[in-house]
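Engineer: just to be clear, the model below is a prediction. Sequence and coordinates:
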Amino acid sequence: MKSFKQHLERKDYIPAKQEKIYPSSFEKIPRLMQLVKKHDDPLKFILAVITAMASGKLKLPIIGAGSTREVAALWNDHKRTKIPANMIELKLSTIAQQLKSLAEETELTEAPVKIKAKLGRAVAAGGHGGGRDEKGFVHKSGKIIVWKGMKPYHVQYIVKNLSKFGIREKEVLDVLEVRFDSSFGAPNPKKEAKEYLEQLIAGTPYDRDSSIEYLAMKKGWCRIVLGKYASIGGYDIQTIHQVAKQIDKKKDWTKGIKSLELWEYGEGKGSIKSGELATTKLAGRLDNAYDVGLWVDGGSADPSNIGGGRTEIGRTMAQFREWTELVESMVCGDCFKWANDWNIEHHKGGTHKVVHGIVTNGLGQTFPHAWIEDKGKVYDTNIGESGRWSIKKFYKSFKVENAVKYTPREATRNQFGGFGHHGPWDKSFDKWPTTK
């Protein structure tokens with residue numbers, strides 16, 4: 001398999017006459033063009049763009065898979081070393097998926113590949129859900145709109161059904177127009193806003209916009225993802241609590257839940273009418289079905305009140321039930337991809353190890369698995385990434401064998417360079433399939 005650098009194409013630059021896939025305003029943003037000039041490696045360039053955005057030094061639409069391609073196309077148009085579009089899809093898929101849900105909490109430092117993202121679960125801040133999860137919107141009055149699968153995206157559903165949310169198209173265009181005018185310096189902000197709205201309706205290349213979701217939230221709506229790892233996002237914690245109670249009246253949604261994250265949307269960096277993006281803040285997280293049930297049934301919206309009054313016996317029983325469920329039900333689906341995503345998010349200054357090993361669950365099923373170890377704790381997609389399990393307990397519970405450990409740098413190099421897949425990488429795993 002070719003490495004990432006082997007896929008780079010060297011050819012003389014010929015001014016393209018075909019239609020550009022990136023907004024013309026990109027070429028009028030000094031900071032962005034400085035990064036184009038500075039970098040000769042496309043991957044480092046895109047990561048530098050992401051870093052500058054997160055630190056507030058560069059304002060662009062939040063990058064997802066589509067706009068990652070646009071930024072890469074800009075680089076290709078101005079540099080001699082090219083990277084094929086299919087390789088952008090392959091090598092940046094992990095980053096793009098995380099960036100789709102980047103909220104304003106993200107903090108990165110300007111260092112290629114060394115990424116630190118202060119994210120909760122991506123699905124909470126802006127992930128789309130998928131598989132058997134349900135997603136949609138719930139109003140505090142009780143109206144519920146839910147569907148299964150990745151599409152439509154949350155913001156896509158809003159812009160295709162504005163009247164359902166009590167929003168006029170002019171409200172949306174006004175917010176977008178001032179953003180393109182004040183933040184991006186677009187020569188024709190009205191035209192750019194209209195085109196951007198059309199792209200949101202189509203669901204490509206943009207599939208998330210916190211400001212438009214915020215317009216719906218101000219009217220009492222919350223965006224939801226229901227499943228093992230659930231999330232509710234809304235205007236404030238009181239509205240979120242009301243919505244949770246409304247969901248509970250119509251759905252048995254807390255059974256088997258591993259985590260519920262509660263996200264407040266606001267205008268912490270300035271009004272969306274002045275061109276700023278709506279911000280998101282993690283208002284609370286409940287890490288088991290017992291606590292979620294207590295919070296939903298309780299009178300207080302504050303999630304920090306949950307768990308403190310539980311008796312020692314209650315805590316022990318809850319932990320025992322959770323441990324039994326995990327050991328019996330543990331499977332390996334996207335664990336290798338998840339571990340690499342975690343590594344990217346926590347790369348800068350990370351003391352952790354990416355670990356590949358063989359595990360056996362309570363049903364006697366043996367398979368390769370990936371997880372993170374850091375400071376004596378295990379972070380694993382099957383246990384909610386919480387770090388509540390000690391390494392000793394994890395190894396004993398899942399009969400871990402053949403554990404191969406990688407530093408953050410080694411894991412990143414294996415993922416993006418020598419192997420080009422998520423793992424496993426060691427020869428001792430050759431009889432097992434790899435994860436693309």
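Structural biologist: It's in.

Engineer: can you give me the strands for this structure?
Structural biologist: Ranges of strands in the chain, per DSSP state E, are 9-10, 81-82, 134-139, 144-148, 221-226, 229-234, 259-266, 279-286, 353-360, 366-374, 377-379, 389-390, 401-406.

Engineer: tell me what the fourth one is packed against?
Structural biologist: Read it as strand 144-148. With contacts taken as 3 or more C-beta pairs under 8 Å, 6 or more residues apart in numbering; DSSP states H and E, strand 144-148 sits against strand 134-139, helix 237-250. Heads up, the C-betas are built off the backbone N, CA and C, glycines and all.

Engineer: need the winner for burial among those.
Structural biologist: strand 134-139 (a mean of 22; mean count of other C-beta atoms under 10 Å).

Engineer: quick one: contacts of that one?
Structural biologist: 128-129, 144-148, 154, 157-158, 165, 216, 220-227, 232, 243, 246-247 (C-beta atoms under 8 Å, 6 or more residues apart in numbering).

Engineer: can you select the buried ones among these for me in ChimeraX?
Structural biologist: Listed next is the ChimeraX selection for buried residues among those, using 16 or more other C-beta atoms under 10 Å:
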select :128,129,144,154,157,158,165,216,220,221,222,223,224,225,226,227,232,243,246,247
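
Engineer: my guess is Ala338 contacts Ile372. True?
Structural biologist: Let me fix one detail, which is that residue 338 is Trp and not Ala. No. With contact defined as C-beta atoms under 8 Å, Trp338 and Ile372 do not form a contacting pair (9.0 Å).

Engineer: hmm, back to that, can I get the strands of the chain in JSON lines including mean pLDDT and distance to Asp334?
Structural biologist: JSON lines is the format used below for the strands of the chain (pLDDT from 0 to 100; distance: least, C-beta to C-beta, whole Å):
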{"stretch": "strand 9-10", "mean pLDDT": "42", "distance to Asp334": "31"}
{"stretch": "strand 81-82", "mean pLDDT": "68", "distance to Asp334": "31"}
{"stretch": "strand 134-139", "mean pLDDT": "95", "distance to Asp334": "18"}
{"stretch": "strand 144-148", "mean pLDDT": "94", "distance to Asp334": "18"}
{"stretch": "strand 221-226", "mean pLDDT": "95", "distance to Asp334": "16"}
{"stretch": "strand 229-234", "mean pLDDT": "93", "distance to Asp334": "13"}
{"stretch": "strand 259-266", "mean pLDDT": "93", "distance to Asp334": "16"}
{"stretch": "strand 279-286", "mean pLDDT": "90", "distance to Asp334": "21"}
{"stretch": "strand 353-360", "mean pLDDT": "91", "distance to Asp334": "14"}
{"stretch": "strand 366-374", "mean pLDDT": "89", "distance to Asp334": "9"}
{"stretch": "strand 377-379", "mean pLDDT": "88", "distance to Asp334": "15"}
{"stretch": "strand 389-390", "mean pLDDT": "82", "distance to Asp334": "19"}
{"stretch": "strand 401-406", "mean pLDDT": "93", "distance to Asp334": "18"}
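
Engineer: so which of those strands gets nearest Lys37?
Structural biologist: strand 81-82 (13.6 Å; C-beta to C-beta).

Engineer: before we move on, back to that, between the strands of the chain, which one is closest to His422.
Structural biologist: When these are ranked by proximity to His422 (C-beta to C-beta), strand 366-374 comes first, at 7.9 Å.

Engineer: and the closest one, what other elements does it pack with?
Structural biologist: Against strand 366-374 (3+ C-beta pairs under 8 Å, 6+ apart) you get helix 335-345, strand 353-360, strand 377-379.

Engineer: before we move on, the earlier item: out of the helices and strands packed on strand 144-148, which comes closest to Ile358?
Structural biologist: Closest among those, once you apply C-beta to C-beta, is strand 134-139, at 33.8 Å.

Engineer: what angle separates that closest one from strand 229-234?
Structural biologist: 30 degrees (axes from the mean of the first three to the mean of the last three C-alpha atoms, to 10 degrees).

Engineer: may I see the domains of the chain written out as residue ranges?
Structural biologist: Using automatic domain parsing, the domain parsing of the chain gives 5-115, 124-305, 330-429.

Engineer: quick one: Gln156 and Glu70, what's the gap?
Structural biologist: According to C-beta to C-beta, to the nearest Å, Gln156 and Glu70 sit 18 Å apart.

Engineer: of the two, who's got more company?
Structural biologist: Gln156 (22 against 18; other C-beta atoms under 10 Å).

Engineer: name the nearest residue to the more buried one, ignoring sequence neighbours.
Structural biologist: Gly203 (4.5 Å; C-beta to C-beta, 6 or more residues apart in numbering).

Engineer: that neighbour - how many residues pack around it?
Structural biologist: 18.
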